[in-house]
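> Okay, predicted coordinates and the sequence, questions at the end:
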Amino acid sequence: QVQIVESGGGLVQPGGSLRLSCAASGGIFSIYAMGWYRQAPGRQRELVATIISRNGTTRYTDSVKGRFTISRDLAKNAVYLQMNNLKPEDTAVYYCNAIMWSVTGAQNDYWGQGTQVTVSS
């Protein structure tokens, strides 16, 4: 059974930094991509950043470009999100997502439990 576990959230002042980590384990055949999404109270879940495992291609939502950096560790089936110059509007629950291929060729989505990021003075 695939498990997705996040860590690294917390409370930080505006302008500060945090680094989120996410690791996938259990029954992994092949990972196509991993990424981070976030959901603020009263808002829909939105994509923050994704990275394709095979070639490292990244994608960011406009509001985080230049401030957030996504990276991966293929050996650990892990993905990281370095968040700099954090703003109050970055406050949300951040979810790790993994898109995986099964041995039968099926594509499946897996989600972590979420980690809270709060940016406040």
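That came through, no problem.
> Could you pull up the contacting residues of the most centrally placed residue in the chain?
In the chain, the residue lying closest to the centroid (C-alpha atoms, centre = their mean) is residue 36, at 2.4 Å. By C-beta atoms under 8 Å, 6 or more residues apart in numbering, the contact list for residue 36 reads 20, 22, 47-50, 70, 79, 81, 94-97. For the C-beta atoms, the positions are set from N, CA and C on the backbone; glycine is no exception.
> same deal with residue 57?
residue 51.
> And it, what's its pLDDT?
Listed pLDDT for residue 57 reads 97.
> what do you get for residue 1?
For residue 1, the model assigns a pLDDT of 87.
> Show only the entries of the contacts of residue 36 found in strands.
Among the contacts of residue 36, the members falling in strands (DSSP state E) are 20, 22, 47-50, 70, 79, 81, 94-97.
> Pull out the buried residues from the residues you listed.
Burial by neighbour count, 16 or more other C-beta atoms under 10 Å: within the ones in strands among the contacts of residue 36 this picks out 20, 22, 48, 49, 50, 70, 79, 81, 94, 95, 96, 97.
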